[in-house]
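Student: Predicted model, plus sequence, below.
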Amino acid sequence: MGRTVHALLRSDEVVVFHGRTEIARHPRLTAKGAERIVLDHFLEVLLAKPGALAGSEALDQARREGTFTPAHEAFWAAAKHTLGETDGTKALVHVLLLHRHLQHRDVVAGIRAALAVGACTADVVALEARKAAETEGRSPTVTASAMPAELVTPPELPLPSLTERRASRLPADQRPLPALERWDQLLHRPGKEQP
């Protein structure tokens, strides 16, 4: 990006600042040659290359740390079964992106609720995650990072739609159909006669 940042090295963590704004915070690794790969940093790439997730070191580390929970595993398995390997993995990645704006426990609650109704889409997980937070009297949205807007490029992600099962539970539209007679008159107005 060509921007200057400053790192504050503490005994247990590294904090990175752009100006006075904190943009990253990670645990400090003390072992020689140690690496920490954060799954969240690769999510946009995984939307384009979903096959890379299964054998990735980032996924392995997320499993070991407990951030990729059995609920995530169950959602992934159900999504692959329903949507196929590629689209099921993309559905999981969309769910993982929710962790940037919703608390981890709420996303996990949303995953469990979505699985209970057989839904494998991020929009249902997000809706149920927000419900879980509001049930406990908390705001469902959190700021995952204080990164300045000019440093963040939002991903161009398609918005998932409600599943047919979920949409079929919505109440029927009872509004009357619009009257089009006046518009038909506009279409059939006599024009100027041609010479």
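Tutor: Done, it's in. All values derive from a computational prediction rather than experimental measurement.
Student: bridging residues for the closest residue to Arg25 other than its chain neighbours?
Tutor: Of all residues beyond its chain neighbours, the one nearest Arg25 is Val15 (5.1 Å), with distances taken as CB to CB, 6 or more residues apart in numbering. All C-beta atoms are positioned from the backbone trio N, CA, C, and that covers glycine. Taking DSSP bridges as the rule, Val15 bridges to Leu8, Arg25.
Student: Now do the contacts for Val15.
Tutor: Ala7, Leu8, Glu22, Ala24, Arg25 (CB atoms under 8 Å, 6 or more residues apart in numbering).
Student: part of a helix, is the third one?
Tutor: The reference is to Glu22. No: with DSSP: H, G, I helix; E, B strand; the rest coil as the criterion, Glu22 is assigned strand and is not in a helix.
Student: That one and Ala7: what is the separation?
Tutor: When CB to CB, to the nearest Å is applied, the distance between Glu22 and Ala7 equals 11 Å.
Student: Same drill for these two, tell me which one is more crowded.
Tutor: Glu22 (14 against 9; other CB atoms under 10 Å).
Student: is it true that the more buried one touches Val16?
Tutor: Yes: using CB atoms under 8 Å, Glu22 is in contact with Val16, at 7.3 Å.
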